[in-house]
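K.L.:
All I have is the shape, not the residue letters:
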């Protein structure tokens, strides 16, 4: 193989590698967008709020029980960023109430 052929081969391989890198970067951007969308669905807008699922995990009950507590007026729902969230400070007394009833805080 002559030097010209080697150079041509290496340039061709470099172009192929650059194309692969660009394709992988595009895939990563798509995956990052999808992950951020999923995280936005599963997380509250800031650290002072919990989603219904997170509140249920904190208390150690089902999401249905959280919905019943909201309907009953025991928990108030706020909508920061047009997402139903519960203030953490409303959940903490419920956790303390469970501690008094059962002797320990729920895990979760």
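P.N.:
Cool, the structure landed. All of these numbers come straight from a predicted model, not from anything done at the bench.

K.L.:
Give the residue spans of the protein that score low on pLDDT.
P.N.:
37-45, 81-82, 96-108 (pLDDT under 70).

K.L.:
okay, now the domains of it?
P.N.:
Using automatic domain parsing, the domain parsing of the chain gives 1-42, 49-102.

K.L.:
among those, which is the most enclosed?
P.N.:
With neighbours taken as mean count of other C-beta atoms under 10 Å, these reach their highest mean count in domain 49-102, at a mean of 15. In this view, the C-beta of every residue, glycine as well, is placed from N, C-alpha and C.

K.L.:
how about the helices in the chain?
P.N.:
All helices of the chain, identified by DSSP state H, fall at 3-42, 52-59, 63-72, 88-102.

K.L.:
angle of the third one against helix 52-59?
P.N.:
In this structure, helix 63-72 runs at an angle of 100 degrees to helix 52-59, with axes from the mean of the first three to the mean of the last three C-alpha atoms, to 10 degrees as the basis.

K.L.:
about what we covered before: make a markdown table out of the helices of the chain and add distance to residue 78.
P.N.:
Output for the helices of the chain, formatted as a markdown table (distance: least, C-beta to C-beta, whole Å):
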| stretch | distance to residue 78 |
| --- | --- |
| helix 3-42 | 17 |
| helix 52-59 | 12 |
| helix 63-72 | 11 |
| helix 88-102 | 10 |
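
K.L.:
any idea how far residue 74 is from residue 62?
P.N.:
15 Å (C-beta to C-beta, to the nearest Å).

K.L.:
do the same with residue 6
P.N.:
76 Å.

K.L.:
again with residue 84
P.N.:
Between residue 84 and residue 74 the distance is 15 Å, computed by C-beta to C-beta.

K.L.:
and what of residue 91?
P.N.:
11 Å.

K.L.:
and what of residue 95?
P.N.:
Taking C-beta to C-beta as the measure, residue 95 falls 13 Å from residue 74.
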